[in-house]
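Asks: just the structure for this:
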Amino acid sequence: MTAEERNKVRNETIDELTNWLQSCIEQVDHSSEVYKACSAMIKAMQAKKQPDTASLGTVVKQSGEVVTHYPLSKGQK
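Replies: Next up, the predicted model:
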């Protein structure tokens, strides 16, 4: 399994867990401490997702934005 495949599986697992937890806490009073704590846990879990990589120097952020990093040549300042 490649690193890209592992990241994809990890991200899908995180999505599945956070979606499940979100559906569970929808039954709880949204102003309760339980709801607030679980919502914070969901956000923290989602922040652990790995960015998808496209190619060397290019990263796809969680938002879907593609960011390309071009290495500077030795002669540039």
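
Asks: and residue 9, what element?
Replies: helix 3-25 (DSSP states H and E).

Asks: what average pLDDT does the helix or strand following that helix get?
Replies: Per DSSP H and E, the first helix or strand lying C-terminal to helix 3-25 is helix 33-47. For helix 33-47, the mean pLDDT works out to 92.

Asks: use 42 as the first number from now on
Replies: Yep, numbering from 42; the last one is helix 74-88 now.

Asks: what are the contacting residues of helix 74-88?
Replies: Outside helix 74-88, the residues that touch it by C-beta atoms under 8 Å, 6 or more residues apart in numbering are 55, 58, 59, 62, 63, 65, 66, 69, 70, 103. Bear in mind the C-beta positions are built from the backbone N, C-alpha and C, glycine included.

Asks: for those residues, give me JSON lines that also has neighbour count.
Replies: Formatted as JSON lines, the contacts of helix 74-88 follow (neighbours: other C-beta atoms under 10 Å):
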{"residue": "55", "neighbour count": "17"}
{"residue": "58", "neighbour count": "14"}
{"residue": "59", "neighbour count": "18"}
{"residue": "62", "neighbour count": "15"}
{"residue": "63", "neighbour count": "12"}
{"residue": "65", "neighbour count": "10"}
{"residue": "66", "neighbour count": "19"}
{"residue": "69", "neighbour count": "14"}
{"residue": "70", "neighbour count": "9"}
{"residue": "103", "neighbour count": "12"}
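
Asks: from those, which two are the most distant?
Replies: The most widely separated members of those, counting by C-beta to C-beta, are 70 and 103 (29.5 Å).

Asks: shaky segments in the chain?
Replies: 93-103, 105-118 (pLDDT under 70).

Asks: let's see that with 90 instead.
Replies: Along the chain, segments meeting pLDDT under 90 span 42-49, 52, 68, 87-118.

Asks: please report how far residue 79 lies from residue 91.
Replies: According to C-beta to C-beta, to the nearest Å, residue 79 stands 23 Å off from residue 91.
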